[in-house]
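Colleague: sequence and predicted model, in that order:
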Amino acid sequence: MGNAVLSEEEVKWVFQTIRKIDFLATVPMEGIEQLVFKLVKETYPAHKHLIMPGMHGNGLYIIKSGSCKVYIKKAFFVKKTLAVLKEGEFFGEMSLVLGERSETYVVTLEPTTVFILLRTDFLHLMKSNENMEVEIKRLAERRKIENYYR
C-alpha cells in the first residue's frame with residue numbers, strides 16, 4: 001500500500017466527505033483531523049476485488065473517484081448486486097465493527113481511487129468516541145439485516 005501525502009484539495013475533500021458519513025458526523029474536529037492524516041490513498045484498476053467473502057476487514061474505504069460494486073454469490077454462476085458505490089461513498093465498516101468476516105465481494109468497476117482508514121486507526125478512533133461506536137454498530141447491524149433480506 002502506498003502512503004502518499006494528501007494534497008490540500010484532497011484533504012479538503014476528505015473533510016467535507018467525512019462530515020457527510022452519518023456515523024462519523026459525531027466525531028469532534030480534532031478526531032477528524034487525526035483521521036485524515038492517517039488515511040492511505042490507493043488507486044486500483046478496473047475489476048480488482050478489494051474485499052471477498054471470508055476476509056477480515058482491514059479498513060474503511062472511502063471512494064474518491066471511480067466506482068465499486070458490492071455483491072454476493074447466490075449460486076455458482078448467480079451474482080446478486082447489493083449496491084454500486086460512487087465518489088464519496090464508503091464500504092468496509094461492517095466487518096471492522098462487527099468483527100466478522102466479510103460475506104460480500106467488493107470489486108472496482110473502473111479505475112478507482114480510495115482513501116483507506118486502516119483497521120487499527122479506525123478502532124482507535126471508534127473507542128475514543130462513544131457516540132460513533134454506537135452509531136456505526138447500529139448502521140452495521142442494519143446493513144447486515146438489509147443484505148440478508150435482499
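Modeller: Thanks, I have the structure now. Residues are numbered from 1 along each chain as shown.

Colleague: count of residues packed around the closest residue to residue 86 other than its chain neighbours?
Modeller: Distance criterion CB to CB, 6 or more residues apart in numbering; nearest residue to residue 86, sequence neighbours excluded, is residue 67 at 4.9 Å. Using the backbone N, CA and C atoms, a C-beta is placed for each residue, glycine as well. Close neighbours of residue 67, defined as other CB atoms under 10 Å, add up to 17.

Colleague: and what of residue 21?
Modeller: Count around residue 21 with other CB under 10 Å applied: 18.

Colleague: equivalent analysis for residue 116, please.
Modeller: As a burial measure, residue 116 scores 20 neighbours (other CB under 10 Å).

Colleague: got it, and the one 10 residues further on?
Modeller: Here the number of neighbours of residue 126 (other CB under 10 Å) works out to 23.

Colleague: give me the helices and strands touching the helix or strand of the chain with the lowest mean pLDDT, please.
Modeller: None of the helices or strands of the chain scores lower by mean pLDDT, DSSP states H and E than helix 130-149, at a mean of 70. Where contact means 3 or more CB pairs under 8 Å, 6 or more residues apart in numbering; DSSP states H and E, helix 130-149 is packed against helix 93-98, helix 119-127.

Colleague: how about 10 Å then?
Modeller: strand 68-73, strand 79-85, helix 93-98, helix 119-127 (3 or more CB pairs under 10 Å, 6 or more residues apart in numbering; DSSP states H and E).

Colleague: out of those, deepest packed?
Modeller: helix 93-98 (a mean of 21; mean count of other CB atoms under 10 Å).

Colleague: is residue 128 in contact with residue 27, as I believe?
Modeller: Yes - with contact defined as CB atoms under 10 Å, residue 128 reaches residue 27; the gap is 8.7 Å.

Colleague: so between these two, which is more surrounded?
Modeller: Using other CB under 10 Å, the more surrounded residue of residue 128 and residue 27 is residue 27, with 22 against 14.
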